[in-house]
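Enquirer: would you be able to build a 3D model of this:
(2 chains, ligands or ions: 2)
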Amino acid sequence: MPEVFFDDMSIEFPDPRGRNPRLAVSHVDLQIADQEFVCILGPSGCGKSTVLNVVAGFLEPTAGTMLVDGQAVNRPGPERGVVFQDANIFPWLTVEQNIGFGPRLRQGSSNEVKERTAEFVERVGLTGFEQHLPLELSGGMRQRVGLARTLINDPSVLLMDEPFGALDAQTRILMQELLLDLWERDRKTVIFVTHDIDEALLLGDRVVVMSASPGRVKEVVRVDLPRPRSFDITSDEKFLGMRRHLMDELHSETERAEGIVA
Amino acid sequence: MAITASGMSHVNPPLAPGTGPRRPRKGRVRGIPVLLSMVIPLIVIAIWQYTGSNRMIADGLFPSFTASIEALSDFLFGTAEQSAPYSGDWVTSVLDSSQRILSGYVLGSVLGVVLGLFSGYSKSVRLLVNPMIDALRPISITAWIPLALIFFGIGNAPAIFLTSMATFFPVYVNTLIGAMSAEGRLLRAAAMLGANKWQMLVRVTFPATLPSIATGMRVALALAWTTVVVAEILGARSGLGYVLMDAYNQFRFDYVVACMISLGALGFLSDRLLAWLFKRPLRWVESAAKA
Ligand SMILES: Nc1ncnc2c1ncn2[C@@H]1O[C@H](COP(=O)(O)OP(=O)(O)OP(=O)(O)O)[C@@H](O)[C@H]1O
Ligand SMILES: [Mg+2]
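Expert: Ligands and ions are numbered 1, 2, ... in the order given. Okay, the predicted model is just below:
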């Protein structure tokens, strides 16, 4: 059974002027296997976040179904961890308190929770920064806190919405490699939204290309590159070939999204 | 594309708190701001002293600066040669007033924070309590004095009641607005991490609202002092407000001014104390904490 299963799923938003609802995502059919890393690529506004928000439980589909592990989802929960674009960590909590937030909700501040928190602080390389507040951290560090606080809950699905989109190029590469490392030691099902082609190819087993709004699945590309991967793979022949292809696909969709008639 | 190892290991260092770039100041200008800020107070005191000691204002009833300070010293330590009715009563008066203001302020703040949080967080609570509060809010606190007196008689109770009313409204309104604007994205994150409704209220909405609570409580503190003085003038037999009014009735304007100085100092100190108490819980707020 596929871990995440979309069957003819559409999502509409009510029109602010109250007339026709606005179709954001249209007839998505997609199956994501357990332990698969899938990247969703598409132009701005095509409904990538909307798809992810349905899996997270923030939204319900208007038509069709979305199942996680065979179950319909109707609320957010720790088994479906989300890493947000802007980290979205609690500004009044220290690094340690942010990372331990989930376990502490369930178990209070036991020794076990403290040890587990320390372990995840270390996994994302924040040892020494436990007592820092978010405002004292760089963007990359904040995003590592966001990643660790989600992973500590041991989710069965990890949902990432352009998590590195706001970082500078160097930090972004570091974060991609960190994510690959973390994923290799404990392969989770990942849905990773991005509009960066290199990022999608470096990370994913498959890349789902979405069309301009209303978003539908335009193409699914299997990324047959060996794992474990590192940034070096971006100069591989095969990588460059797929990159070329995806550039063309995305380019035409972006033109449509921006209203340029080809 | 080749990425060097050194290029990749670069991560922005975190900012240490309080080590922002500071412009070097020129040594010789350092003392001038202090002098500048003392100019107007010194002129005011000089005029005060001159007009007071020459009995130039209000048929000579307005006391000079030194007379007022002498009254204050007598009020504090009982130093005057012929003792006034309140010689050495300062500590008792201040304790009486402080007890009233503290009880009323704490009561009003707790109620304001709890009700404000719940009605900011839950729409049904808001529909339940907000119309009543909005209806009562425009009534000036001083307009409640007659009712407070017939409810509670003379003494501590009416002052505590009025002070808690004066405190409640600004704390409630600020807490409500803060809780309603507590960012949805943080609540979403908490839900995703497994928080239930109660945990979201306590662990997200409450800390997110703390800056607004602090604002409300600082506004309320000034109102609470005003209210306690008015309440003591009209409905108490002790406290700074009572002494102030009694001194007026006995034509002891030096004591009136001594009470005013005491109230100013206590108001200032209590505001500083409150700011200090909120400093640590609000250190995560980038700019507001410095207020
Ligand atoms: N809450 C909402 N109410 C109304 N319309 C919405 C809402 N959320 C999204 N939309 C609309 O749905 C469409 C898809 O939005 P979505 O945020 O999923 O796009 P996206 O692919 O994530 O874009 P980006 O790359 O810019 O993040 C957009 O046209 C957007 O305006
Ligand atoms: Mg998006």
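
Enquirer: contacts and neighbour counts: CA atoms only from here.
Expert: OK.

Enquirer: how near is B:Tyr86 to A:Thr94?
Expert: From B:Tyr86 across to A:Thr94, the span is 53 Å (CA to CA, to the nearest Å).

Enquirer: of these two, who's got more company?
Expert: A:Thr94 (21 against 17; other CA atoms under 10 Å in any protein chain shown).

Enquirer: tell me how far that one lies from A:Pro134.
Expert: Here the criterion is CA to CA. By it, A:Thr94 lies 7 Å from A:Pro134.

Enquirer: again with B:Pro131
Expert: 39 Å.

Enquirer: helix, strand or coil for B:Thr51?
Expert: helix (DSSP: H, G, I helix; E, B strand; the rest coil).

Enquirer: next: A:Phe164.
Expert: Here A:Phe164 is recorded as coil under three-state DSSP.

Enquirer: now swap in A:Thr171 and tell me
Expert: Under three-state DSSP, A:Thr171 comes out as helix.

Enquirer: count the residues that sit near it.
Expert: Residues near A:Thr171, counting by other CA under 10 Å: 22.

Enquirer: so what's it scoring on pLDDT?
Expert: At A:Thr171, the model reports a pLDDT of 91.

Enquirer: hang on, isn't it packed against A:Gly140?
Expert: Yes - between A:Thr171 and A:Gly140 a contact is recorded at 6.3 Å, counting by CA atoms under 8 Å.

Enquirer: give me the neighbour count for A:Arg185.
Expert: Each residue near A:Arg185 was counted by other CA under 10 Å, and the total is 8.

Enquirer: how near is it to ligand 1?
Expert: As judged by CA to the nearest ligand atom, to the nearest Å, A:Arg185 and ligand 1 stand 29 Å apart.

Enquirer: just B:Ser164 next, same as before
Expert: 42 Å.

Enquirer: sticking with that residue, tell me its helix or strand.
Expert: Taking DSSP states H and E as the criterion, B:Ser164 maps to helix B:156-180.

Enquirer: who does the helix or strand just after that helix touch, helix- and strand-wise?
Expert: Using DSSP H and E, the helix or strand that follows helix B:156-180 towards the C-terminus is helix B:184-192. Counting contacts by 3 or more CA pairs under 8 Å, 6 or more residues apart in numbering or on different chains; DSSP states H and E, helix B:184-192 packs against strand A:80-83, helix B:197-200.

Enquirer: helix B:184-192 vs ligand 1: in contact?
Expert: No - using CA under 6 Å from any ligand atom, we find that helix B:184-192 stays clear of ligand 1, coming within 12.1 Å at best.

Enquirer: ok, and what's touching that helix?
Expert: A:56, A:58, A:76-78, A:80-82, A:88-90, B:200, B:204-205 (CA atoms under 8 Å, 6 or more residues apart in numbering or on different chains).

Enquirer: restricted to helices, list these.
Expert: Using DSSP state H, A:56, B:200 are the members of these that sit in helices.

Enquirer: now, the most widely separated pair of the contacts of helix B:184-192?
Expert: Spatial extent of the contacts of helix B:184-192 (CA to CA) is set by the pair A:Arg80 and B:Thr205 at 22.5 Å.

Enquirer: which bits of the stretch 51-200 of chain B sit near chain A?
Expert: Within the stretch 51-200 of chain B, the positions near chain A by CA under 8 Å from any CA of the partner chain are B:185-186, B:188-189, B:191-195, B:199.

Enquirer: tell me how many other residues crowd A:Lys188.
Expert: 19.

Enquirer: that one contacts A:Val157, correct?
Expert: Yes - counting by CA under 8 Å, A:Val157 is a contact partner of A:Lys188 at 6.2 Å.

Enquirer: so where's the stretch 51-200 of chain B shaky on pLDDT?
Expert: B:83 (pLDDT under 70).

Enquirer: now A:Arg222: closest residue in space, sequence neighbours ignored.
Expert: A:Arg206 (4.4 Å; CA to CA, 6 or more residues apart in numbering or on different chains).

Enquirer: next, that neighbour: phi, psi?
Expert: Dihedral pair for A:Arg206: phi -140, psi 150, per degrees, to the nearest 10.

Enquirer: my read: it touches A:Leu225, true?
Expert: No - assessed by CA under 8 Å, A:Arg206 is found out of contact with A:Leu225, at 10.4 Å.

Enquirer: which one's more surrounded, those two?
Expert: The neighbour comparison of A:Arg206 against A:Leu225 (other CA under 10 Å) goes to A:Arg206, with 19 against 16.

Enquirer: pLDDT score for A:Ser109?
Expert: Reported pLDDT for A:Ser109: 85.

Enquirer: roughly how far apart are it and chain B?
Expert: Distance, A:Ser109 to chain B, by CA to the nearest CA, to the nearest Å: 14 Å.

Enquirer: again, but for A:Met66
Expert: Note on A:Met66: its distance to chain B, by CA to the nearest CA, is 18 Å.

Enquirer: mind checking which helix or strand that residue is in?
Expert: Using DSSP H and E, A:Met66 sits in strand A:63-68.

Enquirer: which neighbours does the first helix or strand past that strand going along the chain have in its sheet, and in what orientation?
Expert: Next in sequence after strand A:63-68, counting helices and strands by DSSP H and E, comes strand A:71-72. The pairing partners recorded for strand A:71-72 under DSSP bridges are strand A:63-68 (antiparallel).
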